[in-house]
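1. coords please:
(2 chains)
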Amino acid sequence: MDNQCEGDILVRKRRKNVPVIFEKDTPGAAGYRLPPMEVPRKDPGTLLPGATRRQVAAHLPAVNEPEVVRHYINLSSLNHHVDKALYPLGSCTMKYNPKINEELSGRPDLAALHPLAPAEACQGMLELLWDFSRELAAVVGMDEISLHPAAGAQGEMLGIKLVRAYHQAKKNAKTTILVPDSAHGTNPATVRLVGYDVEEVASGPDGRLDLDRLRSRIGLHVAGIMVTNPNTVGLFETRFQEMADLIHSVDGLVYMDGANLNALVGLVRPGDIGADIVHINLHKTFSTPHGGGGPGSGPVGVKAALARFLPVPRVVKEGDRFRWIEEAPDSVGRLHPFFGNVGIILRAYAYLRSLGPEGLAEVSRGAIVNANYLAKQVEDDYPASHPGPFLHEFVTSLAWMRKFGVKNIDAAKRLLDDGFHAPTVSFPLIVPDCFMIEPTETESRASLDSFAVSLRNIAEEARSCPEVLATSPHWTPVGRLDEAGAARALKLRWEWPSR
Amino acid sequence: MAGYVGHGPTEERDLLRAIGVSCFEDLLVGIPETARQRAPVDIPPGMSEEELRRLFRGLGARNYDPEKVPSFLGAGLYDHLIPAAIRQLTLRSEFYTAYTPYQAEVAQGTLATIYEFQSILCELTGMDVANASVYDGGSAAAEAVLLASSVTGRNRVLVSAALHPHARQVMETYADGPGLDLVTVPLGADGRTDLAALRALIDGSTAGGSAAGGNVAALVLQNPNFFGIVEDAGPLVEATHAAGALAVISADLVSLGLLESPGALGADITVGEAQSCGNPPQYGGPLCGYFAAKKELVRRMPGRLVAEANDQDGHRGFVLTLQTREQHIRRDKATSNICTNNNLMALGVTIYFALLGPEGLRETADQCLQKAHYLEEKLAAIPGVRRVHAGPFFQEFAVELPVPAGPVVARMLRDEGILAGLDLGRIDAGRARQLLVAVTEKRTRAELDRYAEVLTKTLRA
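-> Next up is the predicted model:
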């Protein structure tokens, strides 16, 4: 402990303010040189009316290229990332992002294509989008796919809009979408956005859908249900098919939130178990990089009866040629300005083609084995919230730490000292003070073992020297940041010192 | 099997033994037999890296080659120069394989760059606050009208006829649930949004309402507008404010090197598409929508926000803030359902403006303006070709051809390797002879001269 404390003081002394580019401002410096104008220059005053011209130029920093590069390299070094170590954020599926996918998706004859170029001159791209849709449909057991949603949340929005379009077409008077209390926050937020009421359904004691409770909520007002499967405590919804029958009995639709699809690929197809709609997070299951918070991509798969409502434009194949159709009479309309996050789709396509059917099955298998192995390694200190075996992740309550004066967030911060990212903290809401841990299939046994050691050490620290946790992290580039103070003072932008 | 799984079959046996089960199937007891997939997924067999490369090379070769074909196609995504440093930096594992900065102490790289993005967006747009980015300019505009409706408690949105038609369509998709009523404000003959028509629509919306402006929540304007025309935004914003409604301006960031900032023009919310500043078009996505507003609106803004924060020793760092607006806390009462931001694209935008600096931005905007006017003059001199609108323009303009534009675009691309612009007939059948032409700083004089020659020749053929 003494060494720990001395080391701590040394680290703290060497910490500095996190730099921002504005502080590198050197008037006159430039980080980029444009080619010459070449054409005769006219006075902008003769081309643009006075009232439309800018009076005060934007005050951007002036920095040369070496300094810009050094600044961003230095900032980058302050990040934890998948290529460095385990990143066990539950429900986020932080798996390895294969390098070849960056090379392929960056090809200029794909990445630099303009979406409004004539389709005739983009046949390779259209074929790729067509093929990927078909293959994705095969993975999830659906009839049609829309690649448009830019993220999972937008996929959810499309899904619920499809539910609405379906009921409007049938003149069904529906008001309500059922959402389990273990759901991601995007589910209820989406339902409201689309214009339905949310009715929350409590999970059963085993962490799964409580079918009896659900049955008591069923009525003609129910437009559908949103169910995450496997759910957020890492369990397969064993009675999914029964649940689907129940919803279908009132002509409701079943939306399966595919956030956790990584555990099911090659094992279970949502379309085979009664789901009418599913979204797929390509940035989770299909290994596309998370980019520090996005972009994602959230394609939606549907059964044939819903295909006519899908967004436009849609790619169609005529003979061996492909083209876009811009309008379809029953479509919910346009969701994305163009065709979705194609750059992400390219990576996911490369991933799927590299795996093939056997590789795909190994993904879910590896994810399930790793999650169960890790759960086993730490079960003495971190018993799972619900009985396993688990699929891709498990949840554990750290409420026991409270009697030592520390909480899950303290343990999370302490993990950062050991070079790991923390798991998802305090979600799902149904487990108090929890960690939600998803190691993914790409972690080696050594990596899981070392994370387990770290977790066990932290449990020991919680019991024997909780102040170490309470004041952590100790070894990170900045100490624990005052979030409440930040929200009060609210400095959201750089302010130049007055000149 | 190369795959990306962290352990092989032998090691898996050890792992299963450690778990305390005899085989993998024992871990699947929660999945009923009836739910299990019967056959392997019907997709082609797996491939090596080299086979993948061949596959992609073949697909790429069936597209036009953007490295050889000069592009005059814009319509929201412009062919601006991209400094080499951007790709190298955005491809740092530290940036692109990280996720949302939930643990701030190990995410200062991401958080600081978001803070820089917010700051740069505020500088450019003249607004007080900007968020960490949203999906694209279309959803940004849609989120803006949802916010305006919730702030004003009104549901009619007046939309300029020269808002990007795709942004308008995305807005319609989003507005349908909350029941917003979108009404088009027509253009004058000069291509600018018609002030008199706006006033008439506001007056019409007042009828029956007690307060001035009645049920108008917002005006949505694009500047430069979809046809490239620079709007006289000041009076339009004023009329909107007089009706108690919010002014939403969708602005092109490069144009803000020369054009008055939306903030100075009185906008309450500024949105737009930032993609072309540092990022390739990627066949239309991922893009980089931005969302900036006056500070009074900050607690109702959608998306992530980053704030300065201090650690226990007073060192400056950055954190996600005001998360109680967001879906993961507020659930069905959130201001939006958005979860991610298009962070990696926003990073490209941030580095773009850091490299350009104030002089680079001014020069870029000036070259766009000058080269566009140079080409416009040449095209207007071609017999049978005339500009559609008389209003001032920045880097894009529409011309009327003596023949339908679609075949002309197709022929110029196929025979001459020039991407001539957008056939406006694709978005409005009444504009089948109109061609929307964009010119950026990337175009050389030789390319501009050749464009005029080739168009002349094509029209003669």
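
2. so where do the helices sit in the stretch 1-150 of chain A?
-> A:2-14, A:44-47, A:65-76, A:99-105, A:108-111, A:123-140 (DSSP state H, counting those that start in this stretch).

3. hey, which helix is longest across the chain?
-> No chain specified, so I'll use chain A. helix A:342-377 (DSSP state H).

4. nope, chain B
-> In chain B, taking DSSP H as the definition, the longest helix is helix B:343-380.

5. just checking, what packs against the following helix or strand past that one?
-> Downstream of helix B:343-380, the first helix or strand assigned by DSSP states H and E is strand B:386-387. The contact analysis (3 or more CB pairs under 8 Å, 6 or more residues apart in numbering or on different chains; DSSP states H and E) places strand B:386-387 against helix B:343-380, strand B:396-400. All C-beta atoms are positioned from the backbone trio N, CA, C, and that covers glycine.

6. neighbouring contacts of strand B:386-387?
-> With CB atoms under 8 Å, 6 or more residues apart in numbering or on different chains as the test, strand B:386-387 has contacts from B:376, B:380, B:397, B:398, B:399, B:400.

7. so which of the helices and strands packed on strand B:386-387 gets nearest residue B:165?
-> Comparing the helices and strands packed on strand B:386-387 against residue B:165 with CB to CB, the closest turns out to be strand B:396-400 (13.4 Å).

8. where in chain B is pLDDT low?
-> B:1-2, B:206-213 (pLDDT under 70).

9. Which strand residues bridge the residue nearest the centre of chain B?
-> A centroid search over chain B (CA atoms, centre = their mean) returns residue B:273, at 2.7 Å, as the residue closest to the centre. As for beta bridges, residue B:273 partners with residue B:289 under DSSP bridges.

10. picking that back up, can you lay out the helices and strands packed on strand B:386-387 as JSON lines showing mean neighbour count?
-> Converted to JSON lines, those look like this (neighbours: other CB atoms under 10 Å in any protein chain shown):
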{"stretch": "helix B:343-380", "mean neighbour count": "24"}
{"stretch": "strand B:396-400", "mean neighbour count": "24"}
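
11. Of all the ones you listed, which one is nearest chain A?
-> The minimum distance between chain A and those falls on helix B:343-380, with 3.3 Å, by CB to the nearest CB.

12. What strand or helix carries residue B:123?
-> Going by DSSP H and E, residue B:123 is in helix B:108-125.

13. Now do that helix against helix B:343-380, angle only.
-> Inter-element angle recorded for helix B:108-125 and helix B:343-380: 30 degrees (by axes from the mean of the first three to the mean of the last three CA atoms, to 10 degrees).

14. surely residue B:440 meets residue B:73?
-> No - if you go by CB atoms under 8 Å, residue B:440 and residue B:73 don't touch, sitting 10.5 Å apart.

15. Tell me where the longest strand sits in the chain.
-> Chain wasn't specified; assuming chain A. strand A:222-228 (DSSP state E).

16. Wait, chain B was what I had in mind.
-> strand B:216-223.

17. residue boundaries of the strands in the stretch 201-350 of chain A?
-> A:222-228, A:253-257, A:277-279, A:300-302, A:314-318, A:321-325 (DSSP state E, counting those that start in this stretch).

18. does any bit of the fifth one sit next to chain B?
-> Read it as strand A:314-318. No - shown here: strand A:314-318 not in contact with chain B (CB under 8 Å from any CB of the partner chain), separated by at least 11.6 Å.

19. Tell me the buried residues in that strand?
-> Buried residues in strand A:314-318, counted by 16 or more other CB atoms under 10 Å in any protein chain shown: A:314, A:315.

20. before we move on, what about stretch A:347-363?
-> Under the neighbour-count criterion of 16+ other CB under 10 Å, stretch A:347-363 has A:347-357, A:359-363 buried.

21. Ok, stretch A:75-87 next?
-> A:75, A:76, A:78, A:79, A:80, A:81, A:82, A:84, A:85, A:86, A:87.

22. residue contacts, the first one?
-> Yep, that's residue A:75 we're talking about. Counted by CB under 8 Å, 6+ apart, residue A:75 has contacts A:18, A:19, B:108, B:109, B:112, B:113.

23. how about a cut-off of 7 Å?
-> Counting by CB atoms under 7 Å, 6 or more residues apart in numbering or on different chains, residue A:75 touches B:109, B:112, B:113.

24. For the last one, list the residues it contacts.
-> Residues touching residue B:113, when contacts are defined by CB under 7 Å, 6+ apart, comprise A:75, B:347, B:350.

25. Tell me how many other residues crowd residue 42.
-> No chain was given, so I picked chain A. 13 (other CB atoms under 10 Å in any protein chain shown).

26. wait, chain B
-> Residue B:42: 11 neighbours (other CB under 10 Å).
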